[in-house]
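>>> Sequence below, structure please.
(one chain, ligands or ions: 2)
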Amino acid sequence: MNRSYTILLLLSLPLLETCKFSAQIRSETDRDVWAQFTFHNKTESEVFKFSKYGETKNFTITGTFCNLAPTVLKSWEQFPKKGMNPIGQTSAHLEGMGGTIYYKIFPKHGPAAVRAEGMLCSWGQCRLGK
Ligand SMILES: *[C@@H]1O[C@H](CO)[C@@H](O)[C@H](O)[C@H]1NC(C)=O
Ligand SMILES: *[C@@H]1O[C@H](CO)[C@@H](O)[C@H](O)[C@H]1NC(C)=O
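Ligands and ions are numbered 1, 2, ... in the order given. Modelled structure (predicted):
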């Protein structure tokens, strides 16, 4: 292997492995609702609360090999205690640099991914009605 090829390989690998995209979550209910991400790296986000219709929150998801495990979003009607079942959840494998995935949280069925723009979403629920 020649030297310039080795350098090229070293430079391009981190780009292939890295992801950085936005997630925007919007509440579709006037009732209080709590939600939480479980990220691809198995860590959980803080539990965050929505208290009115149309309220949005933005997240940035970063990491490496984001596509290897699903990103999951769950919601509850009250602050979740250990072992409490969510109203619903949505899950998909996400990957990309600079795109956005849009989620809505519905009162009866919980969260759903609405669409992914400028990024990849696969192996799961990626748009409404699917
Ligand atoms: C989230 O991002 C959208 C679009 O960039 C923006 O309209 C909205 O105000 C943001 N919400 C918050 C809470 O920052
Ligand atoms: C896991 O991914 C999330 C979302 O990008 C990030 O905020 C968090 O710091 C990561 N945790 C670890 C241990 O890498």
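>>> which stretches of the chain have low pLDDT?
Counting by pLDDT under 70, the ranges of the chain that qualify are 1-16, 130.
>>> Centre-most residue in it?
Compute the mean C-alpha point of the chain, and by C-alpha atoms, centre = their mean the closest residue is T71, 5.0 Å away.
>>> Just list whatever residues bridge to that residue.
As for beta bridges, T71 partners with A92 under DSSP bridges.
>>> so it sits right up against T38, yeah?
Yes - using C-beta atoms under 8 Å, T71 is in contact with T38, at 7.3 Å. Backbone N, C-alpha and C define where each C-beta goes, glycine included.
>>> Helices of the chain, residue ranges please.
3-17 (DSSP state H).
>>> rewinding a little: show me the contacts for the residue nearest to the centre of the chain.
Residues near T71 by C-beta atoms under 8 Å, 6 or more residues apart in numbering: A23, F37, T38, F39, H40, I61, S91, A92, H93, L94.
>>> do the same with A69
H40, N41, K42, H93.
>>> Let's see that with 6 Å instead.
H40 (C-beta atoms under 6 Å, 6 or more residues apart in numbering).
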